[in-house]
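Student: missing the sequence, but the structure's below:
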């Protein structure tokens, strides 16, 4: 029994074609990094202030809650990892890293939203706190961060098996 010749791997007429040059578009990573930078800057802006007319005080995100700088510093680490993946991964991204970056970005959105609506811990502090500019800017940063990571996650992954041609014809695999 003779086997039918297969078209070349990169033949555009072949519907089972395997692209060897598929690489992720890094725009999503750059957007995520931009969001991380915005959120990190927001960390050092005023997040809450008291409404007490006799003793008005305000606190930055860094001073207000340790979770805020933790998310910012975690974001910086993820940004470094994304840049490293862009330079080293076969497809210029690793989906697991992109999804973790998106998850932490969503957490940043959540913490910013919680301060926009009602500062966590206000009851324990015994103060009537109002949101300042920090959580709003942090919210914008978190949204850009999350969307950028999501855009990158939908791109081809560096560890996919697209680099090897695999075709199945009948019962034999080539």
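Tutor: Great, that's in hand. Owing to the predicted nature of the structure, the values given are computational and were not obtained by experimental measurement.
Student: check contacts around the residue nearest to residue 121 when sequence neighbours are not counted.
Tutor: The shortest distance from residue 121 to any non-neighbouring residue, by CB to CB, 6 or more residues apart in numbering, is to residue 65 (7.3 Å). To be clear about C-beta, it is placed using only N, CA and C from the backbone, and glycine gets the same treatment. Residue 65 makes contact with 47, 111, 120-121 under the criterion CB atoms under 8 Å, 6 or more residues apart in numbering.
Student: turn those residues into JSON lines, including distance to residue 85, secondary structure and pLDDT.
Tutor: Formatted as JSON lines, the contacts of residue 65 follow (distance: CB to CB, whole Å; DSSP: H, G, I helix; E, B strand; the rest coil; pLDDT from 0 to 100):
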{"residue": "47", "distance to residue 85": "31", "secondary structure": "strand", "pLDDT": "91"}
{"residue": "111", "distance to residue 85": "25", "secondary structure": "helix", "pLDDT": "96"}
{"residue": "120", "distance to residue 85": "33", "secondary structure": "coil", "pLDDT": "81"}
{"residue": "121", "distance to residue 85": "36", "secondary structure": "coil", "pLDDT": "72"}
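Student: which one (most neighbours) among the residues you listed?
Tutor: Highest neighbour count within the contacts of residue 65, by other CB atoms under 10 Å: residue 47, with 30 neighbours.
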